[in-house]
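Q: requesting a structural model of the entry that follows:
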Amino acid sequence: MINSRLAVSVHILALIATHPEQLSSEYIAGSVNTNPVVIRRLTGLLRQAGLLQTVAGKTGATLTKDPAAITLLMIYRAVEPKETLFSMHEQPNPACPVGRNIQSTLDDTFVRAQQALEAELEAETLSDVIHRLASAR
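A: The predicted structure follows:
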């Protein structure tokens with residue numbers, strides 16, 4: 001299962017984008033239903049990626065870009081490990097015909113799946129998410 005870092009990060013950014021007041025990590029954690037430490041960790045990654053701006057000693061964060069300029073791919077790359085989505089198991093048995101060929105057989109499929117995921121995330125912006133959230137109310 002893929003972890004929830006991307007979804008939680010989109011949640012954080014949507015909250016910040018739709019609330020003019022400065023939100024504390026405790027407030028955001030209450031909305032996400034998680035620990036404020038998780039929020040602060042992800043906020044730090046989003047800040048390092050240049051998507052958020054914070055001021056030391058002050059509560060809250062602000063977006064550095066318009067929500068329409070922030071793609072879900074940008075968020076994904078900010079918070080997910082730098083490895084690919086799919087990886088091969090270590091050292092399959094080279095004496096087995098399946099073990100010997102499984103990696104080369106799956107490589108192209110895994111690359112195409114990663115590219116499809118990234119293309120879909122690139123096509124979606126934070127603004128798109130916010131608009132759908134507004135119509136869901």
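
Q: alpha carbons only for contacts and neighbour counts from here, please
A: Fine.

Q: and residue 132, its phi and psi?
A: Backbone geometry at residue 132, expressed as degrees, to the nearest 10, gives phi -70, psi -40.

Q: repeat that for residue 21.
A: According to degrees, to the nearest 10, residue 21 has phi -80, psi 160.

Q: next: residue 86.
A: phi -110, psi 140.

Q: ok, now which ones touch it?
A: Contact analysis of residue 86 by CA atoms under 8 Å, 6 or more residues apart in numbering lists 110, 114.

Q: separation between it and residue 108?
A: 11 Å (CA to CA, to the nearest Å).

Q: top helix in the protein by residue count?
A: helix 97-123 (DSSP state H).

Q: just the strands in this protein please.
A: Remark: strands assigned in the chain by DSSP state E are 52-54, 61-63.

Q: buried sites along the first one?
A: I take that to be strand 52-54. Across strand 52-54, burial judged by 16 or more other CA atoms under 10 Å covers 52-53.

Q: name the residue closest to the centre of the chain, please.
A: Taking CA atoms, centre = their mean, the centroid of the chain lies closest to residue 6, which sits 2.6 Å from it.

Q: on that earlier part again, the longest helix of the chain - contacts with which helices or strands?
A: helix 72-79 (3 or more CA pairs under 8 Å, 6 or more residues apart in numbering; DSSP states H and E).

Q: what is the helix it packs on packed up against?
A: For helix 72-79, the packing partners by 3+ CA pairs under 8 Å, 6+ apart come out as helix 5-18, helix 36-48, helix 97-123.

Q: can you list the low-confidence ranges for the chain?
A: Counting by pLDDT under 70, the ranges of the chain that qualify are 1-2, 84.

Q: give me the neighbour count for the closest residue to the residue nearest to the centre of the chain other than its chain neighbours.
A: Counting by CA to CA, 6 or more residues apart in numbering, residue 76 is the residue found nearest to residue 6 once chain neighbours are left out, at 5.6 Å. Counted by other CA atoms under 10 Å, the residues lying close to residue 76 total 20.
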